[in-house]
Every structure is written in C-alpha cells, then in structure tokens.
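> quick one, what's the 3D model for this:
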Amino acid sequence: MIDKVKFMSSLHLAQVGAEFTSLTYAVMAHGAALSPTYAHMKDKFYLLSRRYLEQIEVGQSGGFVTIAALQTCILIALYELQQAMFIRAWGSASRAVWMAQVFELCKMDQPGVPVVGQNILPLTADNAELEERRRTFWAAFNLSYFASIGSGWTVYLLINPTEVSITTYLPSEGSSFEGLAPSVLTLNDALSLLGKGILSATHGLIVTSALYGRCLSHVKYSNRETSTEYPTYDFWMHHYHINESINHLSTASLKQIKSTNFMKESDALCFNMHIQATLICLHHAAIVRISKTSAPASPSLDSENRCVNAALEITSIMRLICHLNLAKMSLVIPWALYAALQVLVRSLQSDSRNTGNSVTTLSQTPTQQGFSPTTPPYQTPVVSTDGSNNSNTYANGINPPFTSSQVSTPSRTSLLDSVQFLLSALAAFKRSNLLAGVFEAQITQEIDGGVAVTSSRIVGRVNFPLEGMQNKEFMMQWATQK
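Have a look, this model is predicted:
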C-alpha cells in the first residue's frame with residue numbers, strides 16, 4: 001500500500017512531517033521483526049512510531065488526517081497482532097477503520113457524486129497518489145476482517161459487501177505505482193465475476209475477505225434454536241449462496257495457482273489458504289445449525305466431509321511451503337492452520353466417541369514426520385462448480401441445500417499425521433510470530449479439554465487473551481518453550 005519510490009525519496013528530504021516519521025518507524029519495526037540482526041530493535045521502533053502518531057493525533061498540524069497516518073495505523077495494528085498485543089491491536093485496527101471511513105476512501109471512484117472525504121484529503125489528479133489511496137483502503141479492509149477472527153471483536157467495516165456502496169476500484173496489478181491504469185473493477189463487480197473469469201491473487205484476497213465477512217454475519221445465526229427471533233433470515237438460503245460463491249472462487253484459485261508459481265507468489269498462497277479456511281467456517285456453522293434443529297443428518301455429514309477435505313488441503317499446501325521463510329508469511333496462514341486443526345481435532349474426537357481411542361496425547365507427542373518439505377503431490381480441493389443442490393426447501397423445510405462433495409473419508413492415521421504436522425508448523429511459526437503461539441495454546445486446550453471445550457467454541461474464531469498474554473515477557477517465554 002506504500003509507494004516505495006515516493007517513500008524512499010522522502011527519506012532524503014531535509015524536513016518531513018511527524019506523520020511520515022511515524023510511518024518510517026512503523027516500517028522499520030516490521031523490518032526489524034524479520035531480521036535476526038535487528039530483532040532487538042523492533043519494539044523500540046514500534047514505540048517511537050506510536051509516540052509520533054499520538055503526537056500528531058493531539059496536535060493541530062493536521063498531520064493525522066493524511067494517508068501516511070492511516071498507513072501507520074494499519075502497520076501498527078498488524079505489528080500488535082503479530083506480537084500478541086491484543087488490547088492495543090483492537091484499538092489500532094478500529095482507529096484505522098474509522099479513519100478510512102472518515103476519509104470516505106470506500107467511495108473514491110463513485111462517478112458523478114461528490115465525496116465528503118475530498119474535503120479532508122487534498123484533491124489530486126495524480127494516478128500514483130490515487131492508487132496509493134485505493135491500496136491503503138483495501139489494506140484497511142483486509143485488516144478489519146482478519147482482526148474480527150477474535151471472538152467478540154467488531155472492528156470490521158459495517159458495509160454489506162454485496163451492495164454497490166463500495167465504489168473504490170480494486171488495486172491495480174503490479175508493485176509499481178507509476179504509469180498504472182486503475183483496474184476499473186469494484187468489489188461488487190468482482191463478486192459478480194465469480195465463476196466467469198479469473199481473478200488475480202490480490203483481488204482474490206479482497207473478495208475472500210468479503211466472503212469471510214458474510215460468514216461472520218452468518219455464523220451468529222447457527223446457534224439459534226429457532227428462527228422466531230430472526231424470522232426474516234433464511235439460514236440455509238444464505239448458506240447456499242455463500243457456499244456457491246466460495247466454490248466459484250476456489251475454481252478461480254486453482255486456475256490462478258496453475259498459471260502462477262505460487263511457491264514464490266505469496267498472494268496466491270494466502271488466496272487459497274484463506275478460501276479453504278473460510279469454507280471450513282461456513283460448513284462448521286451448518287453442522288452446528290443442523291445439530292440444533294430437526295434437519296436430517298445427511299447434510300451434516302456432507303459438511304463434515306467438506307470441512308475435513310478443506311483442512312487436508314491446507315495441510316497439503318503447508319507441506320509444500322514449509323521450507324520457506326515463515327517469518328515473511330502473512331498472518332492469514334497460521335490462522336488457516338488453526339482453523340484446519342480445529343476441524344481435524346473435532347473429527348478425531350467424534351471418532352474417539354465411537355472407537356474409544358483418545359486424542360489427548362497429541363499435544364505432547366512430537367510429530368514423527370517433522371516439519372519438512374517432503375510431501376505427496378499437490379492435491380486440488382474437490383469442489384462443486386455446477387451449482388447443483390439436493391433440496392429446494394430452506395428454513396421451514398426438512399432438508400437444507402447442499403452439494404455432495406463425494407470425498408472418501410480419510411483414515412484416523414491420516415488425520416493424526418495431519419494434526420501432528422500442523423502442530424509442528426504452528427510451533428515453527430511461533431518462533432517469529434507470537435500470534436501463532438496463541439493459536440497453538442488454544443488448540444492444546446481443545447485437545448486436552450476434549451468435547452467439553454470444543455463444543456463451546458466456534459471454528460475459526462479465537463478467544464484472544466486480554467490479560468495474561470498481554471504481558472510481553474510471558475509471551476516470549478511461551479514462544480520459546482519446547
């Protein structure tokens with residue numbers, strides 16, 4: 001989201017504003033976090049960035065109402081999430097979303113309608129400046145939905161992504177800002193293109209965040225015993241539409257991966273990981289809904305198969321890229337591993353109730369396979385793209401709509417191997433990413449606590465610790481323990 005050429009040239013200016021100084025320290029904090037040589041400086045750079053940001057916030061220079069200040073808020077929120085400073089991250093992410101809304105960056109390209117935010121941000125006809133504003137808005141958009149994985153957090157944009165209220169064009173392709181023409185593709189256009197065209201990995205990440213936003217609103221209805229409290233919300237109709245959108249997007253993801261070296265393209269990797277994790281969240285909500293209603297068990301079995309299949313797909317991708325630098329990977333990836341582990345643990349617990357086998361020793365048993373790049377060939381996810389469904393009845397009918405994935409049930413040994421591998425992956429991630437340590441701790445609780453714990457938790461959501469884990473020394477001790 002930062003124009004590298006403009007940023008580097010500003011570093012050589014004799015005088016810069018406090019907002020640029022704050023942004024510079026935020027960039028340095030992220031850089032130091034990735035460097036073993038300068039890792040000891042990351043917290044100092046972070047604190048300096050926050051200090052300068054607070055200085056311009058309470059000052060009268062107007063530096064707070066700038067794109068640089070918004071970019072600083074986004075980088076600070078990402079750093080705080082990565083370092084498990086959840087109370088601060090919640091405030092920083094909310095502030096970034098608020099600033100994006102005040103600047104009305106979501107309405108940048110609305111034709112023929114004056115934008116209120118233009119009275120705040122200076123008018124410009126520079127394509128590079130406009131592109132930087134667009135990318136900053138979409139960075140805030142993705143941040144807001146990712147931060148919402150925390151149970152009870154409501155920092156996401158309160159905008160229905162199916163409406164045309166977001167008129168800002170999606171980011172242009174390429175890392176350069178100069179000479180780029182706008183993509184002339186809005187979020188609503190991208191959602192309409194699902195199944196009709198190939199979205200780029202960058203656009204796919206934004207669309208997947210929007211679909212995950214729909215899931216966030218959708219999942220809260222899964223625990224309702226009846227629909228009397230929300231008589232106008234048809235759970236299964238919404239489930240079907242979200243599922244079809246994810247299936248079409250997954251097909252586009254496969255085409256993107258085949259045409260891109262996704263081993264080197266981080267966006268393509270995150271794209272597919274995020275799709276599978278969102279699919280898990282959606283179908284687990286269907287499982288919970290069926291368990292609380294009089295619906296038959298066959299759709300629940302289909303959703304369980306889809307969840308497990310998506311979890312195994314995440315495992316397959318992780319096996320391929322586990323030899324790469326984990327410190328440089330997106331926060332989406334350890335969250336996707338966490339969602340996959342939740343599904344696999346629940347599947348093993350369900351099998352344990354039938355066979356008497358135990359899964360409580362998984363968290364103490366080191367994986368035999370280890371964290372190595374040696375893997376079977378990449379397996380593509382089995383999805384339905386024909387739009388078929390086996391029922392036309394919804395909320396007041398017997399059968400909710402679903403599409404049979406027709407996947408074979410994996411063996412218990414295969415599931416155990418995947419769980420052990422993903423646990424070792426999270427253990428490797430937490431050496432440079434304290435958030436992954438929180439995911440690992442939550443999964444350990446679910447394994448040790450059994451059904452009593454898993455039955456009270458929503459797959460894909462995280463109970464961010466806001467007290468004990470907030471202590472940085474405690475987090476470092478947790479991250480370095482064996």
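> all contacts plus neighbour counts: C-alpha atoms, from now on.
Fine.
> helices along the stretch 101-250 of the chain, start to end?
127-147, 187-192, 201-219, 235-259 (DSSP state H, counting those that start in this stretch).
> the longest one - what's its average pLDDT?
For helix 235-259, the mean pLDDT works out to 75.
> in the helix or strand following that helix, what's buried?
The helix or strand immediately downstream of helix 235-259 is helix 266-291, counting by DSSP states H and E. Within helix 266-291, the residues scored as buried using 16 or more other C-alpha atoms under 10 Å are 267-291.
> other SSEs contacting helix 266-291?
With contacts defined as 3 or more C-alpha pairs under 8 Å, 6 or more residues apart in numbering; DSSP states H and E, the packing partners of helix 266-291 are helix 201-219, helix 235-259, helix 298-321, helix 332-355.
> as CSV, these with mean neighbour count and distance to Gln55 would be great.
Putting those into CSV (neighbours: other C-alpha atoms under 10 Å; distance: least, C-alpha to C-alpha, whole Å) gives the following:
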stretch, mean neighbour count, distance to Gln55
helix 201-219, 22, 32
helix 235-259, 20, 43
helix 298-321, 22, 42
helix 332-355, 21, 32
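> any idea which of the ones you listed scores lowest on pLDDT?
helix 235-259 - the lowest mean pLDDT of the helices and strands packed on helix 266-291, at a mean of 75.
> ok so, going back, tell me which of the helices of the stretch 101-250 of the chain sits nearest to Glu57.
helix 127-147 (18.6 Å; C-alpha to C-alpha).
> for the helices and strands packed on helix 266-291, which one sits closest to Glu446?
So among the helices and strands packed on helix 266-291, helix 332-355 is nearest, using C-alpha to C-alpha, at 7.8 Å.
> hang on, Met273 packs against Ile333?
Yes. Met273 lies in contact with Ile333 (C-alpha atoms under 8 Å); the separation is 6.5 Å.
> in a markdown table: the helices and strands packed on helix 266-291, plus distance to Phe86.
Listed next are the helices and strands packed on helix 266-291 as a markdown table, based on distance: least, C-alpha to C-alpha, whole Å:
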| stretch | distance to Phe86 |
| --- | --- |
| helix 201-219 | 19 |
| helix 235-259 | 29 |
| helix 298-321 | 26 |
| helix 332-355 | 15 |
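> between those helices, which one is nearest to Phe464?
helix 332-355 (12.6 Å).
> list the buried ones in the helix or strand just after that closest one?
Using DSSP H and E, the helix or strand that follows helix 332-355 in sequence is helix 412-429. Buried residues in helix 412-429, counting neighbours by 16+ other C-alpha under 10 Å, are found at 415-429.
> out of these, which is nearest to Gln342?
Val419 (9.3 Å).
> isn't the closest one up against Leu341?
Yes. The criterion here is C-alpha under 8 Å, and Val419 meets it with Leu341 at 6.2 Å.
> hey, what's in contact with both of the two?
Counting by C-alpha atoms under 8 Å, 6 or more residues apart in numbering, Val419 and Leu341 have no common neighbour.
> related to what we said a few turns ago, among the helices of the stretch 101-250 of the chain, which comes closest to Phe439?
Nearest to Phe439, of these and by C-alpha to C-alpha, is helix 127-147 at 13.8 Å.
> which other helices and strands contact that closest one?
Using 3+ C-alpha pairs under 8 Å, 6+ apart, helix 127-147 is in contact with helix 67-82, helix 86-102, helix 201-219.
> give me the angle between that helix and helix 67-82.
30 degrees (axes from the mean of the first three to the mean of the last three C-alpha atoms, to 10 degrees).
> quick one, helix 127-147 and helix 332-355 angle?
With the same axes, to 10 degrees defining the directions, helix 127-147 sits at 20 degrees from helix 332-355.
> residues contacting Trp138?
Here Trp138 is in contact with Leu170, Pro171, Ile206 (criterion: C-alpha under 8 Å, 6+ apart).
> what of Phe271?
Ala201, Thr202, Gly204, Leu205, Thr208, Ser253.
> measure the closest residue in space to Cys307 that isn't next to it in sequence to Trp335 for me?
Take Cys307 and drop its neighbours on the chain: the residue closest to it by C-alpha to C-alpha, 6 or more residues apart in numbering is Ile280, 4.8 Å away. Between Ile280 and Trp335 the computed distance is 12 Å (C-alpha to C-alpha, to the nearest Å).
> between those two, which contacts overlap?
Gly460.
> thinking again about what came up before, to Ile314, which of the helices and strands packed on helix 127-147 lies closest?
Of those, nearest to Ile314 by C-alpha to C-alpha is helix 201-219, at 15.5 Å.
> what about the helices of the stretch 101-250 of the chain, which gets the closest to Gln71?
That would be helix 127-147 among the helices of the stretch 101-250 of the chain, by C-alpha to C-alpha, at 6.5 Å.
> got the angle for that closest one vs helix 86-102?
140 degrees.
> quick one: average pLDDT of helix 127-147?
90.
> how about the CA coordinates for that helix, as PDB?
C-alpha atoms of helix 127-147 as PDB (Å, rounded to 0.1, in the frame of the first residue of the first chain):
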ATOM      1  CA  ASN A 127      -2.700   8.400 -10.700                       C
ATOM      2  CA  ALA A 128       0.000   7.200  -8.400                       C
ATOM      3  CA  GLU A 129      -1.400   9.100  -5.400                       C
ATOM      4  CA  LEU A 130      -4.900   7.800  -6.200                       C
ATOM      5  CA  GLU A 131      -3.600   4.300  -6.500                       C
ATOM      6  CA  GLU A 132      -1.900   4.600  -3.100                       C
ATOM      7  CA  ARG A 133      -5.200   5.700  -1.500                       C
ATOM      8  CA  ARG A 134      -7.000   2.700  -3.100                       C
ATOM      9  CA  ARG A 135      -4.400   0.200  -1.800                       C
ATOM     10  CA  THR A 136      -4.500   1.800   1.600                       C
ATOM     11  CA  PHE A 137      -8.300   1.400   1.800                       C
ATOM     12  CA  TRP A 138      -8.100  -2.200   0.800                       C
ATOM     13  CA  ALA A 139      -5.400  -2.900   3.300                       C
ATOM     14  CA  ALA A 140      -7.600  -1.500   6.000                       C
ATOM     15  CA  PHE A 141     -10.500  -3.600   4.600                       C
ATOM     16  CA  ASN A 142      -8.500  -6.800   4.800                       C
ATOM     17  CA  LEU A 143      -7.100  -5.900   8.300                       C
ATOM     18  CA  SER A 144     -10.600  -5.200   9.600                       C
ATOM     19  CA  TYR A 145     -11.900  -8.700   8.700                       C
ATOM     20  CA  PHE A 146      -8.800 -10.500   9.800                       C
ATOM     21  CA  ALA A 147      -8.900  -8.800  13.200                       C
END
